[in-house]
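Asker: just need the structure, nothing else, for what follows:
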Amino acid sequence: MEGLDQQQIGQVVRRFYDRVRVDEELGPVFSVVEDWDEHLVRLSEFWSSVTLMTGQYKGNPLAMHLVHIDRFKPEMFERWLTLWRATTDELLSSADASLLQAKAARIAGRFRMAMFTTFDEMSPVSHLRPYRTSCEFTDQSLPPVLHHEHRLDQETWAIVRVRTGEIQYLEGAHSKTLLIEAGTATVVPPDTPHRFEIVGPVALTFEFYDRNPASLVHLNERKIHA
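Answerer: Okay, here's the model as predicted:
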């Protein structure tokens, strides 16, 4: 975060719900709100807790959505995300907007699954989807930060997929070193120090998940040493 604070979060929340309330698709859903001043305070506390870990929000937002489930349709979540992206892009830096967009995508995915997925449909593989996928990077364009030890946040998993070439993945104090080759992938767990080393031409992408995506990966990377 480049300087995201509670004031900025409050501005985003107010601007976002200004748009939601007049939106043809989403507006009717929120017509049940009687006190918007209080509601916006609660929403700002929620996003402050999610983003800044302030612990201000003590409610259960999913339970509140389930109370009004008859007012929702599954496709509304994409419209909600579209307005959220537009608002965060308008008011925040690129890095902070991306952070809030990623968190919103995870929340929307969880809510949609809880509200509209039946027990019979809950296949752990078929419903495991990335909430964000990077552009394709090469050995020339891989961000420098990835060459140095860094971590995903505590709720984020990633899959590194190599399309061509190969790249070396080092985890922890070099306790795990893998060569990820063309056509293979590896899972990067949350809150685990890791980095990448270029060993030659490579093209790869990163997929980000809110659950362990190991079931989606054929673990056929070549282990270098333990």
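
Asker: please count neighbours and contacts with C-alpha atoms only from this point.
Answerer: OK.

Asker: where along the chain do the helices fall?
Answerer: With helices called from DSSP state H, the chain shows them at 6-22, 36-52, 61-67, 76-91, 94-116.

Asker: ok now stretch 47-61, how far from the chain's centre?
Answerer: 16 Å (C-alpha atoms, centre = their mean, to the nearest Å).

Asker: if we can go back for a sec, to E136, which of the helices of the chain lies closest?
Answerer: helix 94-116 (17.2 Å; C-alpha to C-alpha).

Asker: any buried residues in that closest one, and which?
Answerer: Across helix 94-116, burial judged by 16 or more other C-alpha atoms under 10 Å covers 96-98, 100-109, 111-112, 115.

Asker: same check on stretch 37-46?
Answerer: Under the neighbour-count criterion of 16+ other C-alpha under 10 Å, stretch 37-46 has R42, L43, S44, E45, F46 buried.

Asker: need those residues in CSV (columns: pLDDT).
Answerer: Putting the buried residues of stretch 37-46 into CSV (pLDDT from 0 to 100) gives the following:
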residue, pLDDT
R42, 93
L43, 94
S44, 94
E45, 93
F46, 92
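
Asker: need the helix or strand of the protein with the lowest average pLDDT.
Answerer: In the chain, no helix or strand scores lower on mean pLDDT, DSSP states H and E than strand 222-225, which sits at a mean of 39.

Asker: for stretch 150-163, measure first residue to last.
Answerer: Chord length of stretch 150-163, first to last residue, is 23 Å (C-alpha to C-alpha, to the nearest Å).

Asker: ok, now stretch 31-38?
Answerer: Using C-alpha to C-alpha, the end-to-end distance of stretch 31-38 comes to 14 Å.

Asker: list the buried ones in it?
Answerer: For stretch 31-38, it's none, nothing buried (16+ other C-alpha under 10 Å).

Asker: what's the average pLDDT for it?
Answerer: For stretch 31-38, mean pLDDT rounds to 92.

Asker: now do stretch 140-159
Answerer: 89.

Asker: and stretch 55-72, by the same measure?
Answerer: Stretch 55-72 carries an average pLDDT of 83.

Asker: mind giving me CSV with the buried residues of stretch 37-46 and columns for distance to R79?
Answerer: Putting the buried residues of stretch 37-46 into CSV (distance: C-alpha to C-alpha, whole Å) gives the following:
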residue, distance to R79
R42, 22
L43, 18
S44, 20
E45, 23
F46, 20
